[in-house]
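**Student:** what shape does this take:
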Amino acid sequence: MPLDIRNIHGPLRVLAGPGTGKTHLLVDLYEQAVRSGEADRSQILVLTFSTGAAGELASRIDARLHDDYGEAWISTFHSFCLRLWREWRPDPKRLQLNGLQESMVMRQVLTELDPSVLGALSGVKRSEAFARDLLNFVSLMKQNLVHPSAVLLAAESSASARLQSLAAVYQAYQQRLESARMVDFRDLIMGAVGLLSSDARLLDRMRAKFRLVLVDEFQDVDPAQFALLRMLAPPESRPRLVVVGDPDQSIYGFRGTVPRLLSVDFANVYGGETVMLDECRRCAQDVLDAGERLLAATQGPRAPRRLQEARDIEPTPPAQQQPEHKKVGAGALLGRVAVLPGPRPFEALAHLGEVRVGVVAQVEEAQENLAVRLSQVAVHVRRCGHERQHEPGRKRQRPFAEAFSHRARRRGHGVAYRRHRLRLKRSTVNSARRTSFSETLDAPATRSSNLIGTSTTL
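**Tutor:** Below you'll find the model as predicted:
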């Protein structure tokens, strides 16, 4: 459903499923704003989660607009904050740490910290895993704008020895950064929030500068980023703010992102309208229905949503249509997706062998009965650690890859195993240098596709 920038006069939330044109929508709004004179490039702020998404947005916008290519603000949240720091608080001696440097600083802090401060944790202070866990704790605090002093106060109030140790480490780590004029990755947003809070003139200037704010992948926003957005586009001013996202696609909760900010909090804070994008150009209807059933069965309480296959996708010519799907092996083909049950937690892992045999059987039967090529098959597993017990002097084995290799070797098929995807590649057998030929599994699936995803919950 196309949106007209002239009809957007306040906050707007767009809930869009996969393949429904989220990026296309934002590029359209940006182009409309520039061409209609609603705002020029320097007055539009576009924020997203990843550098790849920011680059994609920028390239598409440049391809649409052949203007003077003036100052543009299209970046990730962190890059935007870094730009604020450089332009408004420049410090040539400030050092931004990378992940390895953060780890080195934390390990030095632990080495110099009094063992009595760590208490029972002092025995593991030389552990790399412990330093990594402490950095994750510090990151979580900064993503929620919790300063070391607040953690110390909470620790004293709760009388928890463990929390007091964590608070002391957090404070020592932050003091070390500040004394050496260093900042870590999470400090970019936390520092930008502090900068805008302490400089009213800068805050007013930023608010007046941006006449339109577009935010992509809003389901991956954390509380600190949401606080920054509220400062730049305060709810009471009814800003022209458009956020786009899909709560079902939030996969970075382990990093502190909060999908609830899109599904609940944005509407509570900003109000405004909500637009649903439900026409998918990436998958056929049977795949969309299977995905919805899978989400309903695995994601707990959630509002049901039915995505529709885009009507303007060209149908498959009759000569290329495949036979009607039927039940195959251990799992029923749900459209083009087969879901195999796995063992319950703490259940005997012997069941894994049965699942593995079922996966191989399904793929082979799909080849024979449904004319499916191996390059059109994707096997998804929950994690890649389904490996046999490692034996000294023996290379670690991967049962899924082994199972396919054993059978595929007779037919002249090569196997490539990836962390989240098993790719089967048709390859020549008699060539001294085996050359693989495969179709990419990342291409959008249309009616003419026969992509079968076999998911095992292990």
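**Student:** which per-residue confidence value corresponds to residue 27?
**Tutor:** Looking at residue 27, its pLDDT is 95.
**Student:** give the contact list for it.
**Tutor:** Taking CB atoms under 8 Å, 6 or more residues apart in numbering as the criterion, residue 27 is in contact with 57, 60-61, 64. Bear in mind the C-beta positions are built from the backbone N, C-alpha and C, glycine included.
**Student:** check those residues and tell me the two furthest apart.
**Tutor:** 57 and 64 (10.9 Å; CB to CB).
**Student:** ok so, going back, of the contacts of residue 27, closest to residue 97?
**Tutor:** Nearest to residue 97 among the contacts of residue 27, with distances taken as CB to CB, is residue 57, at 27.5 Å.
**Student:** pretty sure that closest one contacts residue 244?
**Tutor:** No: shown here, residue 57 and residue 244 do not form a contact pair, counting by CB atoms under 8 Å, at 11.0 Å.
**Student:** list the residues that contact both of these two?
**Tutor:** What both residue 57 and residue 244 touch, as defined by CB under 8 Å, 6+ apart, is the set 26, 216.
**Student:** and stretch 54-62, what's buried?
**Tutor:** 54, 56-58, 60-61 (16 or more other CB atoms under 10 Å).
**Student:** same check, this time on stretch 303-312
**Tutor:** 305, 307, 309-310.
**Student:** repeat for stretch 90-98
**Tutor:** Those would be residue 97, for stretch 90-98 by 16+ other CB under 10 Å.
**Student:** also stretch 260-279?
**Tutor:** 261-263, 266, 270, 272, 277, 279.
**Student:** pick the one among the contacts of residue 27 closest to residue 298.
**Tutor:** Among the contacts of residue 27, and counting by CB to CB, the member closest to residue 298 is residue 57, at 30.9 Å.
**Student:** tell me, what's the model's pLDDT at that closest one?
**Tutor:** 94.
**Student:** just say helix, strand or coil for it.
**Tutor:** helix (DSSP: H, G, I helix; E, B strand; the rest coil).
**Student:** ok, it - contacts?
**Tutor:** 23, 26-27, 30, 46, 48, 74, 216.
**Student:** among those, who's most crowded?
**Tutor:** residue 48 (28 neighbours; other CB atoms under 10 Å).
**Student:** what about residue 67, how many neighbours?
**Tutor:** 11.
**Student:** cool, the one 10 residues further on as well?
**Tutor:** Using other CB under 10 Å as the criterion, residue 77 is surrounded by 23 other residues.
**Student:** about what we covered before: now the contacts of residue 27 as JSON lines including distance to residue 199 and secondary structure?
**Tutor:** Shown next, in JSON lines, are the contacts of residue 27 (distance: CB to CB, whole Å; DSSP: H, G, I helix; E, B strand; the rest coil):
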{"residue": "57", "distance to residue 199": "28", "secondary structure": "helix"}
{"residue": "60", "distance to residue 199": "34", "secondary structure": "helix"}
{"residue": "61", "distance to residue 199": "30", "secondary structure": "helix"}
{"residue": "64", "distance to residue 199": "35", "secondary structure": "helix"}
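**Student:** and those residues as CSV, adding distance to residue 85?
**Tutor:** Output for the contacts of residue 27, formatted as CSV (distance: CB to CB, whole Å):
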residue, distance to residue 85
57, 22
60, 28
61, 25
64, 31
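**Student:** closest one to residue 185 out of those residues, please.
**Tutor:** residue 57 (21.6 Å).
**Student:** can you tell me how far residue 368 sits from residue 116?
**Tutor:** From residue 368 across to residue 116, the span is 69 Å (CB to CB, to the nearest Å).
**Student:** a markdown table for the buried residues of stretch 54-62, including distance to residue 360?
**Tutor:** Output for the buried residues of stretch 54-62, formatted as a markdown table (distance: CB to CB, whole Å):
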| residue | distance to residue 360 |
| --- | --- |
| 54 | 41 |
| 56 | 37 |
| 57 | 42 |
| 58 | 44 |
| 60 | 42 |
| 61 | 46 |
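**Student:** with respect to residue 289, which of these is nearest?
**Tutor:** residue 56 (28.7 Å).
**Student:** not counting residues beside it along the chain, what's closest to that closest one?
**Tutor:** residue 23 (6.4 Å; CB to CB, 6 or more residues apart in numbering).
**Student:** my read: that neighbour touches residue 216, true?
**Tutor:** Yes: with contact defined as CB under 8 Å, residue 23 reaches residue 216; the gap is 6.9 Å.
**Student:** anything in contact with each of the two?
**Tutor:** 53, 57.
**Student:** quick one, helices of the stretch 101-250 of the chain?
**Tutor:** For the stretch 101-250 of the chain, helices defined by DSSP state H, counting those that start in this stretch occupy the ranges 115-118, 128-143, 148-158, 161-179, 187-198, 200-209, 223-232.
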